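**Student:** Quick one: sequence and predicted model below, then my questions.
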Amino acid sequence: MSTSREGTEALMPLGRVSCVSHASDHRPPGRPAATCLLLAVAGFAALASLAELIEVPGLSYSLMLGPWGVDWLALLAVLVLVALAARRRRPGRARSLAVLLLTLALVITAGVGWRQVDFARSQGVRLDLWALTGIGQSGSQPDVQPVVLDDTDTGQLLQAGVWLPRDGRGGVLGTGSTGAPASSGRSARSDSPVGVVVLLHGGGWSNGNRLNPMTRGQAAWFASQGYLAIALDYPLSTPDLATWQLAESRVACGLAWVASHAEGYGGDARHLALVGDSAGGNLALEITYRQALGQLDPVDEECGSEVPQIDAVSTTYPIADPVGFHDNPDLVMAPFVSERARRYTSGTPGQVPERYEAIDPRRKLALLAQRGMGPSLPPTLIVHGARDHVVPVDGTRSLDAALEETGAPHTTLIAPLTDHVFDLNPGSALSQTWRHLTLDLLTQAAVLPAER
């Protein structure tokens, strides 16, 4: 029994799409593999972009493309043009569908990017459009990387990355013949103090150092604004070494080192701000509030003089709730994140609850509130993404409530449609927003750059 071609087509679903062409087609033979690949790429791009708007386990990390949105948009635009050209050369439902899916992905991604740009503008930020591309935003290497402490307790060599203050043209301010600033903590053009910005890197307390991409990019930027920027290492936890007690004491040691050496690099440690992201944000908050409570242990003579007074603290996506960090509900990130918390504390919240309490900045704020010390705390800035898959944003919300109850001066921003490491491109819209607000914070705290 034979079946006519017309009869077969009548039995096919009306909406059937195939990326494979048939020998009986009256059209010139195409490249079915290329069409299938184009359709697969278009489908994935559409699904990944849709996951920027709604939670799709494993795919919503596409929000991390936000920092590189311009590049992602450009790629999608090129793919749309490629799909249109392919469809024009050889029309077909598969290629038409690819055009539709890629256009959808382009529109969604542009909408997400515009939402972030609009959020930045609502904070009074005039965005540097070139910086949004990420080109030239990775930051320079430090000018010097001296050893702060050869830590015999951990077997780790702790160093500092030092970025000297720059003038508006990128030149180092007040340098002498050795390359070290000769301004003794003062601007080469005035008697105003050169503020110091100390940066603490993220990495779940177990990875990274002073040269982390986010840390390096921001440190170089602070130096370009006329600050002395110093990024400090701290001991990292390992499967055999929990550093929950050691990390904070070594950060205090690093700050004492800064107090003793800042003048030699052209800074004035009497005007100092702490900056930290993720785990570094936790340490920045912890050190700031411990200092206010008088809980910082005396530093070893090898570290330098006393820990300088912290005048301001600015953080991005900090681990404000260590228990919540360990109990991360994300299906993909949960094992990875909880392992970092257990490595740092050598246990789960159920096994060592006192250790999780000891590294929780909200506990210090509660004590400060009891003593009525909140209003005298250094001003605090926190910027966190509303869709952070690594450090749950609920921790920052609870920290904000604690700061509010304490009466501490603070600003908390929850950025829409934003994930972790939004400053992986330090020139992203949200990173520029954080920079803008941090400069305002430093001015408020009298941590001022060199006059350029």
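**Tutor:** Noted; the coordinates are in hand. Residues are numbered from 1 along each chain as shown.
**Student:** Identify the residues contacting Leu101.
**Tutor:** Leu39, Ala42, Gly43, Ala45, Ala46 (CB atoms under 8 Å, 6 or more residues apart in numbering). In this view, the C-beta of every residue, glycine as well, is placed from N, C-alpha and C.
**Student:** In a strand, it, correct?
**Tutor:** No: counting by DSSP: H, G, I helix; E, B strand; the rest coil, Leu101 is not found in a strand; it is helix.
**Student:** of all the contacts of Leu101, which comes closest to Gln141?
**Tutor:** Ala45 (35.6 Å; CB to CB).
**Student:** What is the neighbour count of that closest one?
**Tutor:** 24 (other CB atoms under 10 Å).
**Student:** Kindly list the main-chain dihedrals of the closest residue to Asn328 other than its chain neighbours?
**Tutor:** Of all residues not flanking Asn328 in the chain, Val337 sits nearest, at 4.3 Å (CB to CB, 6 or more residues apart in numbering). Main-chain dihedrals, Val337, degrees, to the nearest 10: phi -70, psi -50.
**Student:** so how many other residues sit close to Val337?
**Tutor:** Neighbour tally, Val337, other CB under 10 Å: 21.
**Student:** was I right about it contacting Gly203?
**Tutor:** No: here Val337 lies out of contact with Gly203, judged by CB atoms under 8 Å, at a distance of 12.0 Å.
**Student:** measure Val332 to Pro392 for me?
**Tutor:** 14 Å (CB to CB, to the nearest Å).
**Student:** is it true that Val313 lies in a strand?
**Tutor:** Yes: checked against three-state DSSP, Val313 lies within a strand.
**Student:** If it is in a bridge, with which residues?
**Tutor:** Leu274, Thr380 (DSSP bridges).
**Student:** so it makes contact with Ala284?
**Tutor:** Yes: with contact defined as CB under 8 Å, Val313 counts as touching Ala284 (5.2 Å).
**Student:** just the strands in the protein please.
**Tutor:** 147-151, 156-163, 196-200, 228-232, 272-277, 312-316, 380-385, 410-415 (DSSP state E).
**Student:** quick one, which of the ones you listed is nearest to Trp72?
**Tutor:** The nearest among the strands of the chain, by CB to CB, is strand 380-385 at 16.7 Å.
**Student:** Now do the helices in the stretch 151-300 of the chain.
**Tutor:** Secondary structure of the stretch 151-300 of the chain, counting by DSSP state H, counting those that start in this stretch: helices at 213-224, 246-261, 279-293.
**Student:** Please state the offset of the longest one from the chain centre?
**Tutor:** Relative to its parent chain, helix 246-261 has a centroid offset of 23 Å by CA atoms, centre = their mean, to the nearest Å.
**Student:** any shared contact partners between Val313 and Ala284?
**Tutor:** Common neighbours of Val313 and Ala284 (CB under 8 Å, 6+ apart) are Leu274, Val275, Gly276.
**Student:** ok, the second one - contacts?
**Tutor:** The neighbours of Val275, taking CB under 8 Å, 6+ apart as the test, are Val197, Val198, Leu199, Leu200, Gln218, Phe222, Ala284, Val313, Ser314, Thr315, Thr438.
**Student:** Just put the residues you listed in CSV and tack on pLDDT, distance to Pro361 and neighbour count.
**Tutor:** Listed next are the contacts of Val275 as CSV, based on pLDDT from 0 to 100; distance: CB to CB, whole Å; neighbours: other CB atoms under 10 Å:
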residue, pLDDT, distance to Pro361, neighbour count
Val197, 98, 20, 29
Val198, 98, 17, 29
Leu199, 98, 18, 27
Leu200, 98, 13, 28
Gln218, 97, 21, 28
Phe222, 98, 23, 29
Ala284, 98, 9, 26
Val313, 98, 10, 27
Ser314, 98, 14, 30
Thr315, 98, 10, 32
Thr438, 98, 18, 25
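**Student:** which of those lies closest to Glu55?
**Tutor:** Closest to Glu55, out of all of these and judged by CB to CB, is Thr315, at 25.0 Å.
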